[in-house]
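In: here is a sequence together with a model predicted from it:
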Amino acid sequence: MTQRHADQVVLITGAGRGIGAATARLLAERAAAVGVFDIDEGLAKATAAAIVQIGGRAIPLVADAADRSQVMQAAKTLADAFGPLTGVVNDAIWIRYGPIEDVTDDVLGRMFDVGIKGAFWGVQALLAYKGDAPAAVVNITSPVSEVGSAGTSSYTAVKGAIASITRQLAVELGPKGLRVNAVTPGAVPTPGARAIVDEAGYEKRKAQTPLGRLGSEEEIAAAIAYLLSEDASFVTGTILRADGGITVKSV
Ligand SMILES: NC(=O)c1ccc[n+]([C@@H]2O[C@H](COP(=O)([O-])OP(=O)(O)OC[C@H]3O[C@@H](n4cnc5c(N)ncnc54)[C@H](O)[C@@H]3O)[C@@H](O)[C@H]2O)c1
């Protein structure tokens, strides 16, 4: 176990599975204490327990990222357990794809609530429960925040907003000692992604990716960990693509 993230206390939303869980595992392996925040109790508890079993520091935080009071309470629980927060990873997402004609008020509302409001509450929770040490926010965007993809209008709206507030909050919070960055994952076959992308869709994504393959959860976690680390101490307002080049490929 390296000590690279020693003294860090990081709240990770959506950490029960997928990229969030891989991030929790990696940070804990590197000596951070992590709050495994997920709306799914079984996933949150299993991921946190697996970390503790290998000697890491983690607690499950079962809560809804869309609910401000639940996010604040979770941050308090994490700070009570391990000390002031030094970081938040706003990873939780609720996604429905479909043509613009089919987007309903309910679907758009839930996507915005989890994806956009959730990120606001994550940042507020960090501000409320951080100490005097430098602190960092990592948001998660998507290639669709930069390039068009049919059938993803509501998801694009969420991730475009996240990209914008990443830059804006870097400016607003830099004077308070907070760095705010984001990671853009490419195509990563997480449980959530597999539910909305079929095999043909993954073949298309591989062909579109200059590196010729899908990404792993661990490769995205490594980019997130970098932005939380001391190595990134002068990095803020940056959106780091860990996408195999899919976003920049034309033909
Ligand atoms: N997987 C990809 O290919 C890909 C590509 C680009 C961006 N992303 C982004 O990466 C992030 C993680 O995606 P993933 O593929 O690991 O997803 P996933 O669906 O596998 O995991 C998401 C987790 O979030 C939890 N969650 C959902 N709603 C929640 C809520 N309201 N409160 C708390 N937790 C909640 C789920 O229970 C789940 O454990 C997301 O922001 C996603 O948009 C993923």
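Out: Sure thing, it's come through.

In: contacts for the helix or strand containing Ile224, please.
Out: Using DSSP states H and E, the element containing Ile224 is helix 217-228. The contact list for helix 217-228 (C-beta atoms under 8 Å, 6 or more residues apart in numbering) reads 4-5, 8, 10, 18-19, 21-23, 25-27, 30, 32, 86-87, 89, 136, 138, 140, 179, 181, 183, 185, 188, 190, 232, 235, 238, 240, 242. Every residue, glycine included, has its C-beta placed from N, CA and C.

In: so which of these are in helices?
Out: Gly18, Ile19, Ala21, Ala22, Thr23, Arg25, Leu26, Leu27 (DSSP state H).

In: any weak-confidence spans in the stretch 151-251 of the chain?
Out: For the stretch 151-251 of the chain, no stretch is flagged by pLDDT under 70.

In: what about stretch 171-190, start to end distance?
Out: Terminal residues of stretch 171-190 lie 32 Å apart, using C-alpha to C-alpha, to the nearest Å.

In: pretty sure Lys159 is touching Gly115, no?
Out: Yes - contact criterion C-beta atoms under 8 Å: Lys159 and Gly115 qualify, at 7.5 Å.

In: contact residues of the protein facing the ligand?
Out: Within the chain, the positions lying close to the ligand (C-beta under 6 Å from any ligand atom) are 13-14, 16-20, 38-40, 43, 64-66, 91-94, 114, 140, 142, 185, 187-188, 190-193.

In: rerun at 5 Å
Out: Applying C-beta under 5 Å from any ligand atom, we find that the chain lies next to the ligand at 14, 16-19, 38-40, 43, 64-66, 91-94, 114, 140, 142, 185, 187-188, 190-193.

In: just the buried ones from the contacts of helix 217-228, in PyMOL syntax?
Out: Only the buried entries of these go into this PyMOL selection, using 16 or more other C-beta atoms under 10 Å:
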select buried, resi 4+5+8+10+18+19+21+22+23+25+26+27+30+32+86+87+89+136+138+140+179+181+183+185+188+190+232+235+240+242
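
In: so which of the contacts of helix 217-228 belong to strands?
Out: Val10, Gly87, Val89, Ala136, Val138, Ile140, Arg179, Asn181, Val183, Pro185, Leu240, Ala242 (DSSP state E).

In: can you pull the contacts of Gly131?
Out: So Gly131 contacts Gly83, Pro84, Leu85, Thr86 (C-beta under 8 Å, 6+ apart).

In: who does Gly35 bridge with?
Out: Leu11, Ile59 (DSSP bridges).

In: surely Ala66 touches Ile116?
Out: No - shown here, Ala66 and Ile116 do not form a contact pair, counting by C-beta under 8 Å, at 9.3 Å.

In: which of the two has more neighbours?
Out: Using other C-beta atoms under 10 Å, the more surrounded residue of Ala66 and Ile116 is Ala66, with 22 against 19.

In: buried among the contacts of Gly131? Need that as a selection in PyMOL.
Out: Command for PyMOL, covering only those of these found buried under the criterion 16+ other C-beta under 10 Å:
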select buried, resi 85+86
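
In: low pLDDT regions in the stretch 1-150 of the chain?
Out: In the stretch 1-150 of the chain (pLDDT under 70), the answer is 1.

In: could you find the closest non-adjacent residue to the residue of it found nearest the ligand?
Out: In the stretch 1-150 of the chain, no residue comes nearer to the ligand than Gly18, which is 2.3 Å away by C-beta to the nearest ligand atom. Among residues not flanking Gly18 along the chain, Thr190 sits closest, at 3.5 Å (C-beta to C-beta, 6 or more residues apart in numbering).

In: so the one you found sits against Gly16, correct?
Out: No - checked against C-beta under 8 Å, the pair Thr190 and Gly16 is beyond contact range at 11.2 Å.
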